[in-house]
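Undergrad: Just to be clear, the model below is a prediction. Sequence and coordinates:
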Amino acid sequence: MADEAVPGPSRSPLADVVSQLPLTWPIPSPSTDASLVPSSDIALEEDLLLNQDSLRAWRAYIDHIETANYRKRAPPDVRFSPIEATLLGPLASSDNRTALRRIVSIYERALARFPNSYALHRNYLYARARYILGEPRGGLDALHKRINQSSKRNLDVGPGLLEEDSDDEWQWQWKQGGALDGLVGYKEWTALVGACERSLQCMPSMPRLHLFYLSLFLHPLCPAPLSLTHARRTFDRSLRLLPPSLHLRVWKLYLRWAEQVGGETGLRVWRRYLAVDSSLTERYAKLLLRPESGDEDEESESAPPAPRILEAAKLLLRLALEAGKGDYTSNEGKSPYQLFNDWVDLVERYPEETGMDEDEEEASQPHSVEVRDLDPRHSALLPVRSIILANMPQFPDQAGRLWVGLATYHLKRGEIDLAKKTFQRGLREVMTVRDFSVIFDAFAESEEGVISYLMNELEEGDEEDASENRGQREEELDERMKEFEELMEARPFLVNDVMLRRNPDDVQEWEKRVALFGEQDDKIIETYKKAIETINPRKATANHHQLFLNFARFYEVGGVEGLKLIEQMRRDASITLPSDEDLPIPDLESARKIFERAVAVPYKRVDDLAEIWISWAEMELRHSNYDAALRVMSRSVQPPRHTKGVSYHDDTLPPQSRLFKSLKLWTFYSDLEESIGSTEGAKAVYDRVLELKIANAQTIINYAAFLEERSYHEDAFKVYERGVESFGYPIAFEIWNVYLSKFIKRYGGSKIERARDLFEQALSGCPPKFAKILFLKYGALEEEHGLAKRAMKIYERATREVGDEQRFDMFSFYIAKTAASFGLAATRAIYESAIEVLPDRQTAEMCLRFAALERKLGEIDRARAIYKYASQFCDPRTHRNFWKEWNTFEIETGSEDSFRDMLRLKRSVQAQYNTDLSYISAEAQQAAKGAATEMATAASMAADPMAQLEAEQQQQQQRGGVASTGMFVSAKTEQGSGKKGEEEKEEKDEDDGEDEIGGGANQEKVGGDDDDDDLL
């Protein structure tokens, strides 16, 4: 057979090649076709004739033929069009057609000699497949590698059996002319199948030969006559021939083939496998819902048959119920709700194929599903409504979605009234606003759709229809639009219903519901009554008592009209009130009934109950019922029968049992008695508060002030004394402060001994931080009405007993008073005692004041001695003001020797502080603070050019030295011959030695911040 034959005039090149197929049957033989053995291979043929029983010689000759003839990407013949070349695949090249014949010829000859060689059979099938199926991905070597790796992996039942992985061994490059088309090359495909059959006849127990043969049927270009019935029978035969341990490898290909084929055949194959392993039920359900065309990517006009839809629905429902019980785990990681939601989506899409009619469902047992109804092969429809309602409590967080799904199911079945009832029931039963929004939006959308449909019907109706049914349709449209408007208006109320179902004890939501009714007095009263009956006081949210107060206020002002009038008056005080006839009539009796009911409610807090009683009394006051207000307050503070051991903060007791200890209530009662009651009544109220031991300092002061207004001064002082006995410091300090001021104002110096006793009593247990004010008042009393010496003794005592932070100020005040009364010289002893007791940081300041005093008195030596004593507390780096003042003092009053003594003392003090770590850290903090100050100053100067210029001039003056200012002229003496010069030289040497001992860090720098050396 010659491939180069010229086609006839009426035959195309493609038809000519197709007519020659199959190229491999009858089996090509060199005896009939000389082109199978080229002249270059004659020597190898002769060698093979001498070694016909040598398998090695045959394999070597086969390798030579494959290497010499196979071309991976052989170009197609020029006579073929691109489409024809694509259809023929590798056989579009004459070289490949010749190579195929030569390879088949040599392999068939070898297999005739060695029929039981597995390697020959395997390589023969692989070699032929390259010209029919296409080149394996990566070549033959990659194919062998993938097969070896696959054989090492253990397969197990479950979702991993059909996982799509890139290492699947049977992958062929068949696209764009890589393989022979099954329709064009049907005969060649059949010849390849025949070769596989002959191999299995010789070696029926070799699994790789079976798997290769089965993989042919998964090829996309496999001819239909081979890929259907023949393929199914081949798969079944492989399952019979191979041992059970290899069945999963067959099923892996078998199930993929069943998915690819689809139809009833594919479903039957899947059912056979699911009888053994039900873990792939989800995948099987998707296969059931695939359209008949088998194209899952594009939408198909034809839906799956009804039996398949029902079977898929039952399978999904069974999986969802089993997952809810914990008996099933989804292979795709879906939760029980996701599985149930998939089932709901399915019955929404196909309501007629899956669900019963309304009458049939009502006739069946409600909220139950029989086991036989979940049999996938049973034809009984599902009670969808009962199933969804029965499983809704299992998914409370997705109730909105399930209600919408059920209503949509009824809508698609044409059961519009039942869908409407479903929406309304869902709105009444959901517990979250999110679910409510989902249902309400779907409900509104469905109503809009129905209205739009009715309007379109009216527009498109003909004349005859208009004359007969137009009126009914218009009435139906009007009714639908009215219902839709009512639905939209009821949305706030429905949302409020959801919030109250979620928490019926939410006081704020009940108040919102009252506000929603606007001016409907009857609805408002009904809502308040329902709220009072519903709310549990122990579970109520904040401001439960406010609900009763608002209800009582509603009756008091005469309803909504009264509330509106009050709001207008609050906004505009100049509004004119209507006449008495037009004013709302208050219903005080109803308000009192509300208060009577409110005072019996066990609130969480006692203050809430107290607020109820106070508001009741205020209502009586607003209507001039003063006696009734007093009776209400008298009734509110009545103690229970057993008051022993009752604590105001004991939450285990009801608030009514603890109300008599409410200071808030007693305070209002006392104010009420002061305003409209009698003096005796007010005193009785205050005394009762003191007996209950619930009074505070403000209560004591108010009681005393009330008695003073009515000229009961001694009684007021007794109240103060009871207060200081009841309270300790610091509360007693405030009472003593007011008490002593009132007593001095009342009696002045007429009862000075009694006043002194009071002061001594106040100071006896007074903490030091509160003693200063009392001592000042005590001293002022003695100065004004007593003796000056006694006042000084009090101030001296104060310097010992006040707190450390107030002692310096107390000494300063004591010194000022002494100087004013007895002269400056009398203050020396005070200064000396202050210096002894004050801390170091305040001692320096006091020494400066003491030195200034001595200067005024002309005692220069005493002042210098004070400076020397104070220098030990003043670090030159942190107390620059002290050293500057001493420096000025020596310039003005001292000599050169005293000035040198000051400098020597300054260096020794600085050396002492250099060795103290605490002062070193203080110096670091001071330096950081100075740097921050300099940065702030620089920033301010940058913003103000004039300030910067003035600062530069000031620095220039400072660099000129203090000597240039004319403030001090140093009296230098020449170091000549004589004793005076030698003494001065010795003193200079001593100073230099001290400088060396002090270290370079302590040496004075001429021109630096310290200008003492410049002065010398």
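TA: That came in fine, so what should we check first? Numbering: from 1, shown residues only.

Undergrad: which residues touch stretch 772-781?
TA: 733, 736-737, 740-741, 744, 749, 752, 755-756, 759, 762-763, 766, 791, 794-795, 797-798, 801-803, 806, 809-810, 813, 817 (CB atoms under 8 Å, 6 or more residues apart in numbering). In this view, the C-beta of every residue, glycine as well, is placed from N, C-alpha and C.

Undergrad: Quick check: mean pLDDT of that stretch?
TA: For stretch 772-781, the mean per-residue pLDDT is 88.

Undergrad: just to revisit the earlier point, out of the contacts of stretch 772-781, which are inside helices?
TA: In helices, defined here by DSSP state H, the members of the contacts of stretch 772-781 are 733, 736-737, 740-741, 744, 752, 755-756, 759, 762-763, 791, 794-795, 797-798, 801, 806, 809-810, 813, 817.

Undergrad: Just the buried residues from those, in PyMOL please.
TA: Listed next is the PyMOL selection for buried residues among the ones in helices among the contacts of stretch 772-781, using 16 or more other CB atoms under 10 Å:
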select buried, resi 733+736+740+744+752+755+756+759+762+763+791+794+795+797+798+801+806+810+813+817
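
Undergrad: So for the chain, the centremost residue is which one?
TA: By CA atoms, centre = their mean, the mean C-alpha position of the chain lies nearest to R434, the distance being 18.7 Å.

Undergrad: Okay, and that residue sits in which element?
TA: If you go by DSSP states H and E, R434 is part of helix 433-460.

Undergrad: What's the mean pLDDT across that helix?
TA: For helix 433-460, the per-residue pLDDT averages 88.

Undergrad: Show me which residues of it are buried.
TA: So helix 433-460, judged by 16+ other CB under 10 Å, has buried residues 435-436, 438-440, 442-443, 446-447, 450-451, 454, 458.

Undergrad: just how off-centre is it within its chain?
TA: 36 Å (CA atoms, centre = their mean, to the nearest Å).

Undergrad: Ok, stretch 314-332 next?
TA: Distance of stretch 314-332 from its chain centroid, counting by CA atoms, centre = their mean, is 33 Å.

Undergrad: and if you look at stretch 403-416?
TA: 37 Å.

Undergrad: and what of stretch 325-345?
TA: Mean C-alpha position of stretch 325-345 versus that of the full chain (CA atoms, centre = their mean) differs by 28 Å.

Undergrad: Per-residue pLDDT of R101, please?
TA: For R101, the model assigns a pLDDT of 90.

Undergrad: thought it was touching I27?
TA: No: using CB atoms under 8 Å, R101 is not in contact with I27, being 9.5 Å away.

Undergrad: ok, the residue nearest to the centre of the chain to A258 distance?
TA: To A258, R434 is 43 Å away according to CB to CB, to the nearest Å.

Undergrad: What separation is there between G803 and P13?
TA: Distance of G803 to P13, computed by CB to CB: 119 Å.

Undergrad: Show me which of those two is the more surrounded one.
TA: Using other CB atoms under 10 Å as the criterion, G803 and P13 rank with P13 on top: 17 against 13.

Undergrad: From what I see, the more buried one and E84 are in contact.
TA: Yes: between P13 and E84 there is a contact under CB under 8 Å: 6.6 Å.

Undergrad: could you pull out the strands for the stretch 51-200 of the chain?
TA: 135-136, 172-173 (DSSP state E, counting those that start in this stretch).

Undergrad: packing partners for the first one?
TA: Yep, that's strand 135-136 we're talking about. Under the contact criterion of 3 or more CB pairs under 8 Å, 6 or more residues apart in numbering; DSSP states H and E, the helices and strands touching strand 135-136 comprise helix 118-132, strand 172-173.

Undergrad: Now do the same contact list for L253.
TA: When contacts are counted by CB under 8 Å, 6+ apart, L253 touches 170, 211, 214-215, 218, 235.

Undergrad: cutoff 10 Å now
TA: 170, 210-211, 213-215, 217-218, 231, 235, 238 (CB atoms under 10 Å, 6 or more residues apart in numbering).

Undergrad: One more: F423?
TA: Taking CB under 10 Å, 6+ apart as the test, what F423 contacts is 403-404, 406-408, 410-411, 439-440, 442-444, 446-447, 487.

Undergrad: Next, the buried residues of the helix or strand where it lies.
TA: Element membership of F423, judged by DSSP H and E, is helix 416-429. Across helix 416-429, burial judged by 16+ other CB under 10 Å covers 418-420, 422-423, 426-427.

Undergrad: Looking only at neighbour counts, state which of R101 and I27 leads.
TA: R101 (22 against 15).

Undergrad: give me every residue that touches Q260.
TA: Counting by CB under 10 Å, 6+ apart, Q260 touches 217-220, 222, 227, 231, 266, 294.

Undergrad: just the helices in the stretch 501-650 of the chain please.
TA: Secondary structure of the stretch 501-650 of the chain by DSSP state H, counting those that start in this stretch: the helices cover 507-516, 521-534, 544-556, 560-571, 588-598, 606-622, 626-636.

Undergrad: now the angle between helix 507-516 and the second one, please.
TA: Meaning helix 521-534. Helix 521-534 and helix 507-516 are oriented at 170 degrees to each other (axes from the mean of the first three to the mean of the last three CA atoms, to 10 degrees).

Undergrad: by contact count, what packs against helix 521-534?
TA: helix 491-502, helix 507-516, helix 544-556, helix 560-571, helix 588-598 (3 or more CB pairs under 10 Å, 6 or more residues apart in numbering; DSSP states H and E).

Undergrad: Of those helices, which stretch is the most buried?
TA: Highest mean neighbour count of these: helix 544-556, a mean of 22 (counted as mean count of other CB atoms under 10 Å).

Undergrad: and that helix, average pLDDT?
TA: 91.

Undergrad: Only C-alpha atoms, please: export that helix in PDB.
TA: Provided in PDB are the C-alpha atoms of helix 544-556 (Å, rounded to 0.1, in the frame of the first residue of the first chain):
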ATOM      1  CA  HIS A 544     -37.900  51.200  84.200                       C
ATOM      2  CA  HIS A 545     -39.500  53.700  86.500                       C
ATOM      3  CA  GLN A 546     -39.500  56.300  83.800                       C
ATOM      4  CA  LEU A 547     -42.200  54.300  82.000                       C
ATOM      5  CA  PHE A 548     -44.600  54.800  84.900                       C
ATOM      6  CA  LEU A 549     -43.600  58.500  85.200                       C
ATOM      7  CA  ASN A 550     -44.400  59.100  81.500                       C
ATOM      8  CA  PHE A 551     -47.600  57.200  81.800                       C
ATOM      9  CA  ALA A 552     -48.700  59.300  84.800                       C
ATOM     10  CA  ARG A 553     -47.600  62.500  83.100                       C
ATOM     11  CA  PHE A 554     -49.700  61.500  80.100                       C
ATOM     12  CA  TYR A 555     -52.800  61.400  82.300                       C
ATOM     13  CA  GLU A 556     -51.800  64.500  84.200                       C
END
